[in-house]
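Enquirer: let's see this in three dimensions:
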Amino acid sequence: MLVMNHTTRASVGDSPGDDWAWPKVKERIESSGTTLSAVARAISRSPSAAWQVKRKPIPTLQSAIAAAIGVPPQIIWPSRYDHRGHPVKRNQWLATQAHKERRA
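Expert: Residues are numbered from 1 along each chain as shown. Presented below is the predicted three-dimensional model:
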């Protein structure tokens, strides 16, 4: 079971509860010696489909990207996982995002 704590987040430079910015995700993928397209192909997904993870939850792609970077997906996208580390249903996530946008 994944235990997320302040130390884990601090080690990757993000504030607790914040999803990583896409440029950071992309930079970490590239610094690991691969590309987003290669990560997608490795799990039999099209490279164009992989870009969708930027805008919406896709647990299989999130896991593959996280594995390439070397951190759990819950660290990169905490808003997409519940307190037990399980993926949040897409409809729940979308509702949460809509609520956050209305408050902003």
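Enquirer: distance of A67 from A42?
Expert: Distance, A67 to A42, using Cβ to Cβ, to the nearest Å: 9 Å. Any C-beta I mention is one placed from the backbone N, CA and C, and that applies to glycine too.
Enquirer: more neighbours, those two?
Expert: Just comparing A67 and A42: by other Cβ atoms under 10 Å the higher neighbour count belongs to A67, 15 against 12.
Enquirer: so which elements touch the helix or strand containing P23?
Expert: If you go by DSSP states H and E, P23 is part of helix 22-31. Counting contacts by 3 or more Cβ pairs under 8 Å, 6 or more residues apart in numbering; DSSP states H and E, helix 22-31 is packed against helix 36-42, helix 59-69.
Enquirer: which among those is found nearest to K100?
Expert: K100 lies closest to helix 59-69 among the helices and strands packed on helix 22-31, at 19.0 Å (Cβ to Cβ).
Enquirer: buried stuff in the closest one?
Expert: Within helix 59-69, the residues that count as buried by 16 or more other Cβ atoms under 10 Å are 59, 61-62, 64-66, 68-69.
Enquirer: list the contacts of I76.
Expert: Counting by Cβ atoms under 8 Å, 6 or more residues apart in numbering, I76 touches 19-20, 25, 62, 65-66, 69.
Enquirer: from N91, how far out is it?
Expert: 21 Å.
Enquirer: give me the longest helix you can find in the chain.
Expert: The residue-count maximum for a helix in the chain (DSSP state H) belongs to helix 90-103.
Enquirer: quick one: least confident helix or strand in the chain?
Expert: helix 6-12 (a mean of 39; mean pLDDT, DSSP states H and E).
Enquirer: residues contacting the spatially most central residue of the chain?
Expert: The chain has W77 as the residue nearest its centroid, 3.6 Å off, counting by Cα atoms, centre = their mean. Neighbouring residues of W77 by Cβ under 8 Å, 6+ apart: 19-20, 57, 62.
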